[in-house]
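# give me a model of this one.
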Amino acid sequence: MPTRADLRRVTTVIDPDLCTGCGRCVTVCPADTLSLVGGKARVTGAESLSCGHCEAACPEGAIRVNGTPADTLAFETVAVGDEAVMGSRRSCRRFAPDPVDPVVLADLVRAGTLAPSGTNCQLWTFTVVPDRPRVEAFANRVADFFKLLNRVTDFRAVRLASRLAPGDPLGSYHRDYKPSVQEALAEWARGGRERLFHGAPAAIVIATRRGATTATEDALLASQNILLAAHALGYGTCLIGFAVSAMHSDPRIQKSLGIPKDEKVRAVIAVGRSAERYLKLARRKRAVVRTVGRV
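Coordinates of the predicted model:
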């Protein structure tokens, strides 16, 4: 099983002779892997998401993310236009402040409802958070939850007790996520970047009602429809997993959005115009692919 170190291994290489120090790669990096040092981009972080944002944003071709092979975009039968829609969609972590037209948000929800669902039950719900003030209020409630969680997991006795639970949830959070979450919350408190919803001007929360035979799958299929539809319309999106986790643990956040307690939140999608610009398609890590009957 891959470890966190395996998943976050840095494979980014920068050619100092080509780098002009424009800083675009640093701005789009979600893991703070890169920094400007002496007027040049350098790998300074210990972890990477291997998203390839830096490589795709570099106008000089100075960056290569070796963990994402070029042939992951080599389609044999997919039309060029369809390939571009799928291959150019990226998770946006820097949104422009422009509001999202309510008509666009309504169309994105309609796109979500066109996804398949188990036994065609369609027991999903879509809650639209339509403007930046409401997104900020949502983000503040999620932030309050993580501030409390950070304080709780500082107690060694709590972490020891967590080892008795499957997956050691509090211990793994304290080790793997608390430092970066705490840093992000502190930055926002200082008036810096809001790194939870990334400044998004709108959001869509997808939940499911009781009775769905494949509830999680239904919601995620609807989410993918929304992500691709938004991209086709020129909007950026990002799945906000931290918000989902907070809502599962603190029912008051869900209640504040008017979502009934008998619904379970499955996905939260930030939506808005992207403030990022990319020059290349998004490559992926090489997947494990098997064909039954072949050795």
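# for the closest residue to V142 other than its chain neighbours, phi and psi?
Spatial nearest neighbour of V142, excluding adjacent residues (CB to CB, 6 or more residues apart in numbering): A246 at 4.4 Å. All C-beta spots, glycine's among them, are computed from the backbone N, C-alpha and C. When read as degrees, to the nearest 10, the backbone of A246 gives phi -60, psi -40.
# neighbours of A246, how many?
When counting by other CB atoms under 10 Å, one arrives at 24 neighbours for A246.
# R290 too?
Using other CB under 10 Å, the number of residues around R290 comes to 6.
# returning to that earlier point: close enough to count as contact, the residue nearest to V142 and K147?
No: under the criterion of CB atoms under 8 Å, A246 makes no contact with K147, lying 10.7 Å away.
# quick one: the strands in the stretch 101-250 of the chain?
124-129, 202-208, 236-239 (DSSP state E, counting those that start in this stretch).
# for the shortest one, packing partners?
Using 3 or more CB pairs under 8 Å, 6 or more residues apart in numbering; DSSP states H and E as the contact criterion, the neighbours of strand 236-239 among helices and strands are helix 215-232, strand 264-272.
# okay, that strand in CSV with CA atoms only?
Extracted in CSV, the C-alpha atoms of strand 236-239 (Å, rounded to 0.1, in the frame of the first residue of the first chain):
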residue,chain,number,x,y,z
GLY,A,236,-13.2,26.6,-12.4
THR,A,237,-14.1,24.1,-9.7
CYS,A,238,-12.5,22.4,-6.7
LEU,A,239,-13.8,19.6,-4.5
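# who touches that strand?
90-93, 95, 197-198, 200, 223, 226-227, 230-231, 267-274, 276 (CB atoms under 8 Å, 6 or more residues apart in numbering).
# give me the distance between the closest residue to T68 other than its chain neighbours and G52.
Excluding the flanking residues, the one nearest T68 by CB to CB, 6+ apart is R283, at 3.8 Å. Note on R283: its distance to G52, by CB to CB, to the nearest Å, is 5 Å.
# between those two, which one's more packed in?
G52 (24 against 20).
# so the more buried one sits right up against P69, yeah?
No: with contact defined as CB under 8 Å, G52 does not count as touching P69 (10.8 Å).
# anything in contact with each of these two?
Common neighbours of G52 and P69 (criterion: CB under 8 Å, 6+ apart): R283.
# what do R283 and G52 both touch?
By CB under 8 Å, 6+ apart, R283 and G52 have these common neighbours: 65, 68.
# is the nearest residue to T125 once chain neighbours are set aside in a bridge, and if so with what?
Of all residues not flanking T125 in the chain, A207 sits nearest, at 4.8 Å (CB to CB, 6+ apart). Following DSSP bridges, A207 is listed with bridge partners T125, V265.
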